[in-house]
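Asker: Build me a model:
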Amino acid sequence: MEFLKPKKQTTSGSSTQKYVDVEEMRDGVMVLKSGALRAVLLVSSVNFDLKSSQEQDAIIFQYQAFLNSLDFPVQIVIQSRRFNTAPYMELLRQEESQQTNELLRFQIGEYKNFIKNLSDVSNIMSKFFYIVVPFSPVEDQESGLLTKLSGIFHPRQSIGLKGERFETYKNQLLQRVDHVSAALSGAGVRVSQLNTEEIIELLYNSYNPSLFTTTEMKHVENIELS
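Answerer: Prediction:
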């Protein structure tokens, strides 16, 4: 179990925490202060304009089928970050210094200057697409009326500090996650559920946009220069 706030809180930390709806993290699932659960899915993008008319119609149809299949609400979140090309520039510098062919070394140098000038004069942004899948204890079909009423009036107790019913609620949430993933895969996009660390990073970036404004290009060693 991982918490979003330290055990020892300062006065400023305590006052800030009240504006965050998330109470804690458990097994890649957000537990809200209301007692509800949330799973976050990272969804890849599709270059719709490069698709043929038949492919575009198929994507629209699949997305329409996805929306019609939902019997629960979902939230679509789009986050923009300024792109950090520093790791890629470092890779280019290494390739340039190790290159024995004069012509190739010159071309790499010109390409490196082009990337630097482009990043200096324009804001290169990268977009991330997320789908937030919810589940509330009052939606538990296996619970009785008294349990559901308890979930309405005492939402945090319905989760239980020791997680007596947490696994049951999490399994029902993951069923919704599987449904969303399967429905969207038909539209040609890839879906991946965020783990605990990735959700905490996403929340931190969302609540501290001025501290984290760039995204780094990862796995640059796999990029082909030719």
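Asker: CA atoms for contacts and neighbours, from now on please.
Answerer: Noted.
Asker: Please enumerate the helices of the protein.
Answerer: Ranges of helices within the chain are 11-17, 53-69, 86-98, 102-121, 145-153, 155-159, 166-185, 196-207, based on DSSP state H.
Asker: With respect to burial, which of these scores highest?
Answerer: Highest mean neighbour count of these: helix 155-159, a mean of 20 (counted as mean count of other CA atoms under 10 Å).
Asker: Run through who's touching stretch 59-78.
Answerer: Stretch 59-78 is contacted by residues 127-134, 180, 183-184, 186-188 when judged by CA atoms under 8 Å, 6 or more residues apart in numbering.
Asker: Using PDB, write down the CA coordinates of it.
Answerer: These are the backbone C-alpha positions of stretch 59-78, laid out as PDB (Å, rounded to 0.1, in the frame of the first residue of the first chain):
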ATOM      1  CA  ILE A  59     -12.500   3.800 -36.500                       C
ATOM      2  CA  ILE A  60     -15.600   6.000 -36.100                       C
ATOM      3  CA  PHE A  61     -17.800   2.900 -36.100                       C
ATOM      4  CA  GLN A  62     -15.600   1.200 -33.500                       C
ATOM      5  CA  TYR A  63     -15.500   4.300 -31.300                       C
ATOM      6  CA  GLN A  64     -19.300   4.600 -31.600                       C
ATOM      7  CA  ALA A  65     -19.700   1.000 -30.500                       C
ATOM      8  CA  PHE A  66     -17.300   1.600 -27.600                       C
ATOM      9  CA  LEU A  67     -19.500   4.500 -26.300                       C
ATOM     10  CA  ASN A  68     -22.700   2.600 -26.800                       C
ATOM     11  CA  SER A  69     -21.300  -0.400 -24.800                       C
ATOM     12  CA  LEU A  70     -20.600   1.700 -21.700                       C
ATOM     13  CA  ASP A  71     -23.000   1.400 -18.800                       C
ATOM     14  CA  PHE A  72     -20.800   3.400 -16.500                       C
ATOM     15  CA  PRO A  73     -19.200   6.900 -16.900                       C
ATOM     16  CA  VAL A  74     -15.600   7.400 -18.000                       C
ATOM     17  CA  GLN A  75     -13.400  10.500 -18.000                       C
ATOM     18  CA  ILE A  76     -11.100  11.300 -20.900                       C
ATOM     19  CA  VAL A  77      -8.100  13.400 -19.900                       C
ATOM     20  CA  ILE A  78      -5.600  15.000 -22.300                       C
END
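Asker: Give me the distance between residue 27 and residue 136.
Answerer: Look at residue 27 and residue 136: by CA to CA, to the nearest Å, they are 17 Å apart.
Asker: out of these two, which sits in the busier spot?
Answerer: Ranked by neighbour count (other CA atoms under 10 Å), residue 27 and residue 136 place residue 136 first, with 22 against 12.
Asker: related to what we said a few turns ago, quick one: which of the contacts of stretch 59-78 sit in strands?
Answerer: Using DSSP state E, the subset of the contacts of stretch 59-78 located in strands is 127, 128, 129, 130, 131, 132, 133, 134.
Asker: Extract the residue ranges of the protein that are flagged as low pLDDT.
Answerer: For the chain, the stretches with pLDDT under 70 are 1-17, 139-164, 209-226.
Asker: How about the contacts made by the residue minimising distance to the centre of the chain?
Answerer: In the chain, the residue lying closest to the centroid (CA atoms, centre = their mean) is residue 42, at 4.3 Å. Neighbouring residues of residue 42 by CA under 8 Å, 6+ apart: 128, 129, 130, 131, 191, 192, 193, 194.
Asker: Please tell me how far residue 27 sits from residue 197.
Answerer: Distance check for residue 27 against residue 197: by CA to CA, it reads 10 Å.
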